[in-house]
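J.: My questions are about this predicted structure, shown below with the sequence.
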Amino acid sequence: MQKRPVLRFVYDPDWPPFEWRSDIGRHTGMIADILKIVGQKSGIVFLPVPTTSWSESIGLFKTKQVQMISAVTPTEARKKFIRFTHRSLFKIRTVLLKRFDRPTPEGDLPDALRGKTVGVVKGYAIVSYLKRRYPQAIVIEFPTVTDGLDHLRRGEIDYFAENDATAGYFIHRRGYGDLEKSVTLDYLIDLRIGLQPETPEIVFSILDKTLASISPDRFEAIYDKWSGEGNMRNLQTKSTPFLKTLPLDSIAIVIGLVLLVVLAGWYHYREMGARFFGMPLGIAATLLFAVALLVTATSLHNSGSERKKEIAHSLKTVLDVTHRSLIEWFATQRHHLNHLVNQTPFLADFLQKDGTIVPPDAEASRHLYLELKRRIREADGFLIIDRNGTILSASEPALRGKHITFPPVRRQIAHAFKEGYAHISPVRIEKDRMGHLRHYYLLMRIVDPRTGRAPALFAMRIDPAPLFNIVHQGRMGKSGETYLINDQMQMISRSRFERALKENGLLPVNASSFLNLSITHRGRPTKAAEEAVGGRYGTDVEGYPNYRGTPVLGAWRWDEILDLGVIVEIDKAEAMDSFRKLKETIYGVVFGIMALSLVLVFFMIWYARHTHRLLERQKSAYRQKCEELDTLATTFDQAVQERIANIAKEKNS
């Protein structure tokens, strides 16, 4: 191992979040992170060999052109040509995905899938499972996950089988929000490293020992880093310590009142003599009130927690509905643009036989723009861009010949040439003096039907008004708003509070919030903006300051395909207003009853003491009368004895 051996390996080029080939050709994802740790700990050098599909990766391994498969599920068929590590990388359940507008299978699953089409990636271990477990289903294999999900969202298949993590990643981070998980299958994917059977035993030993040395927390951190649902799952399932569930401030007030009344009762006991009635009654009443207040406070605290759950659900619903609406709207524009560019003679006059494109001149560009506007009413201009980012032609003649250098836009251009389309969100940067990047663009690959080559992209500039209308439908209450941001944390929709922002000096008087408002507070990104741009999907119902500096509750998500983030927020004061009023009313009633009860208790104590004094005075008077009667009786007895003695003396004499 001191010689740092090299293991050439293949991987699945389209299987996020576990692994995929990035736009710059790197092995990326959970498995890549784990191999990096294993390499650092063991000294093994892992050299990825790029492929275009999982089937190609398996083919290279079978022909022994590589020594390793980065992550693969053991099956009886694979054990004939692959030797697996004992340690697993991940164990993930499998789900069936469906379109959100399609019904969920009910009853016995084999019967429910009878005659239904179920998509799966070709070469995956689950293929044989589906055919064996659900023989009445029609299993259709696709080269990649993306290809299968695209068929699913177009309604060309009924379901698509994929592991839970990958399904969540595509839904929450790849813009497939119009799909959802419907059924969990009883099939567990057990990912392990696979090597050639003749690999030295020491390599297996080192890999297993190195994997065993990685803590479960490290595995979980890697999973949460890449999983689209990790953050949302943590918010929903993270347990709260018991002490944090109690209303400690209310409990402190109750304890203080109890101590105060007990001390007062003790004082009465020592100084005022309320021994038999006042002291026990006061303590009992105080403890009863304390218990009542504690129960009320705890109940209100639980009600507040339930209210926050309701708000979180509402925020997430608005977020998901808005996101789906955006996906459907952009999909419609993409369909129209693809039809116009690649299925009509719209650009036929400019495509050459050798597969190149002749840039339209100013007059031709004007005609192209008018035709584009006539065909697609949401169009507001266009650019024709080559692979180097040079604008060959544009609806605005001044942009002709300009070169696009902004890295995020260049990445989207490269993505469009690779995948066929891409989206560019507006961005405001200093270098963009012409302002051509301050618009929404839909990029479509121009394919020459004769050669199949793509010499350039057609970038349709989009009128943002329809987008603003979609976003504005997501406003909750009087203070709620839904808005869009780009990866520079700039607002790319319109704020609901433009007037207030201008009055408070947060926005120039003559400007709109579109691209002129940073989603920051005191120089730092707001929580929603930071989380969204980080690719995370989540909610916060505890409260955080938004770009206005107002405490809000919010939900957020990022869509890599649309190249934008969606944020839904509502002022915390408004969201919790009904609960606050309920809390004040209940506390008012409880404290009112307690006050009246305390008055009654103290009156009873006073009455008891007053009655006790009267009894003591009457008792004292009674004792005095008794003493006087005793004295009188004694005097009378003495007089009688003296008289008897005198009479006896007179008889004797």
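T.: Great, that's in hand. Numbering: from 1, shown residues only.
J.: how about the closest residue to Pro359 other than its chain neighbours, phi and psi?
T.: Ranked by Cβ to Cβ, 6 or more residues apart in numbering and with sequence neighbours excluded, the top spatial neighbour of Pro359 is Leu392, at 3.9 Å. Heads up, the C-betas are built off the backbone N, CA and C, glycines and all. Main-chain torsions, Leu392, degrees, to the nearest 10: phi -80, psi -40.
J.: Roughly how far does Leu392 sit from Tyr369?
T.: Remark: distance between Leu392 and Tyr369 (Cβ to Cβ, to the nearest Å) = 15 Å.
J.: just to revisit the earlier point, count the neighbours of the residue nearest to Pro359 for me.
T.: Burial of Leu392 is recorded as 19 neighbouring residues (other Cβ atoms under 10 Å).
J.: Kindly report the same for Glu76.
T.: Residues lying near Glu76 (other Cβ under 10 Å) number 7.
J.: Now name the helix or strand holding it.
T.: Using DSSP states H and E, Glu76 sits in no helix or strand.
J.: give the contact list for it.
T.: Residues near Glu76 by Cβ atoms under 8 Å, 6 or more residues apart in numbering: none.
J.: rerun at 10 Å
T.: Neighbour list for Glu76: Ser128 [criterion: Cβ atoms under 10 Å, 6 or more residues apart in numbering].
J.: which residue is nearest the middle of this protein?
T.: With distances taken as Cα atoms, centre = their mean, Gly538 lies nearest the centre of the chain, 1.4 Å away.
J.: Quick check: bridge partners of that residue?
T.: As for beta bridges, Gly538 partners with Trp556 under DSSP bridges.
J.: Would you mind measuring from it to Ala312?
T.: Taking Cβ to Cβ, one finds Gly538 at 10 Å from Ala312.
J.: And for Leu7?
T.: 46 Å.
J.: same question, Ser53
T.: Distance, Ser53 to Ala312, using Cβ to Cβ: 40 Å.
J.: Likewise for Glu650?
T.: Here Glu650 is placed at a distance of 115 Å from Ala312 (Cβ to Cβ).
J.: Counting neighbours, go ahead and name the busier of those two.
T.: The neighbour comparison of Glu650 against Ala312 (other Cβ under 10 Å) goes to Ala312, with 20 against 8.
J.: pretty sure the more buried one belongs to a helix, no?
T.: Yes. Counting by DSSP: H, G, I helix; E, B strand; the rest coil, Ala312 is part of a helix.
J.: That one reaches Val318, doesn't it?
T.: No. Shown here, Ala312 and Val318 do not form a contact pair, counting by Cβ atoms under 10 Å, at 11.1 Å.
J.: Identify the contacts common to the two.
T.: Joint contacts of Ala312 and Val318 (Cβ under 10 Å, 6+ apart) are Ala555.
J.: what are the ranges of the strands in the stretch 301-450 of the chain?
T.: 379-385, 391-394, 421-424, 440-446 (DSSP state E, counting those that start in this stretch).
J.: possible to save those as a markdown table with mean pLDDT?
T.: As requested, the strands of the stretch 301-450 of the chain are exported to a markdown table (pLDDT from 0 to 100):
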| stretch | mean pLDDT |
| --- | --- |
| strand 379-385 | 94 |
| strand 391-394 | 92 |
| strand 421-424 | 91 |
| strand 440-446 | 94 |
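J.: Of those, which is nearest Gly29?
T.: Proximity to Gly29 (Cβ to Cβ) singles out strand 421-424 among the strands of the stretch 301-450 of the chain, at 20.9 Å.
J.: How about stretch 485-493, which residues are buried there?
T.: Counting neighbours by 16 or more other Cβ atoms under 10 Å, one finds that the buried residues in stretch 485-493 are 485-486, 488-493.
J.: Could you work out the most separated pair of those residues?
T.: Between any two of the buried residues of stretch 485-493 (Cβ to Cβ), the greatest distance is 14.4 Å, for Gln488 and Ser493.
J.: okay, and for the stretch 551-653 of the chain, where does confidence drop off?
T.: Residue ranges of the stretch 551-653 of the chain with pLDDT under 70: 601, 604-605, 608, 653.
J.: So Pro110 is in contact with Arg132, correct?
T.: No. Using Cβ under 10 Å, Pro110 makes no contact with Arg132, being 11.0 Å away.
J.: which one of the two has more residues nearby?
T.: Pro110 (13 against 8).
J.: and of the buried residues of stretch 485-493, the nearest to Ala416?
T.: Nearest to Ala416 among the buried residues of stretch 485-493, with distances taken as Cβ to Cβ, is Asn486, at 17.3 Å.
J.: And that closest one, how far from Asn469?
T.: On the measure of Cβ to Cβ, Asn486 and Asn469 end up 19 Å apart.
J.: pLDDT weak spots in the stretch 401-550 of the chain?
T.: Using pLDDT under 70, the stretch 401-550 of the chain drops low at 432, 434.
J.: Isn't Ala575 up against Thr539?
T.: No. In this structure, Ala575 is not within contact of Thr539 by Cβ under 10 Å, at 12.0 Å.
J.: Give me the common contacts of those two.
T.: Contacts common to Ala575 and Thr539, judged by Cβ under 10 Å, 6+ apart, are 308, 311, 314-315, 553.
J.: Tell me the one among those residues nearest to Pro464.
T.: Leu315 (23.8 Å).
J.: Name the nearest residue to that closest one, ignoring sequence neighbours.
T.: Leu315 sits nearest to Ala555 (Cβ to Cβ, 6+ apart), 3.9 Å away.
J.: How about the contacts made by the one you found?
T.: 232, 311-320, 482, 528, 531-532, 537-541, 566-570.
J.: buried subset of those residues?
T.: For the contacts of Ala555, buried by 16+ other Cβ under 10 Å: 232, 311-312, 314-316, 318-320, 482, 528, 531-532, 537-541, 566-570.
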